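>>> Pasted the sequence and its predicted model underneath.
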Amino acid sequence: MKTVGASKFKEQCLSLLENLPPEGTIITKRGKPVARIIPYPSRPEHLVGALKGRIKIHGDIQSTGEVWDANGQP
């Protein structure tokens with residue numbers, strides 16, 4: 001987890017917030033942690049359709065590729 005001093009955080013607050021890592025950032029004062037900033041959780045609806053156009057399907061996605069008989073005959 002990233003650690004930053006309070007004075008540096010004060011100087012670069014907006015930049016640090018824009019580039020906030022997923023695990024968050026710890027703010028320290030005189031080397032001791034005083035706060036932790038974590039990203040606000042994103043809403044699941046943002047994920048719907050997020051990979052559209054990035055995934056290609058090859059073959060039949062509903063098939064296992066195995067041929068079988070439901071009646072138990074080979």
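Yes, it's here.

>>> hang on, Ile26 packs against Leu20?
No - using CB atoms under 8 Å, Ile26 makes no contact with Leu20, being 11.8 Å away. Placement of C-beta: from N, CA and C, glycine included.

>>> how close does the residue nearest to Pro22 when sequence neighbours are not counted get to Leu16?
Nearest non-adjacent residue to Pro22, counting by CB to CB, 6 or more residues apart in numbering: Pro39, 6.3 Å away. The gap separating Pro39 from Leu16 is 12 Å, by CB to CB, to the nearest Å.

>>> Settle it for me: which of these two has more neighbours?
Per other CB atoms under 10 Å, whichever of Pro39 and Leu16 has more neighbours is Leu16, with 18 against 12.

>>> Which of the helices or strands spans that one?
Per DSSP states H and E: Leu16 is located in helix 13-18.

>>> buried sites along that helix?
For helix 13-18, the neighbour count (16 or more other CB atoms under 10 Å) marks Leu16 as buried.

>>> following it, which helix or strand comes up?
Downstream of helix 13-18, the next assigned helix or strand under DSSP H and E is strand 25-29.
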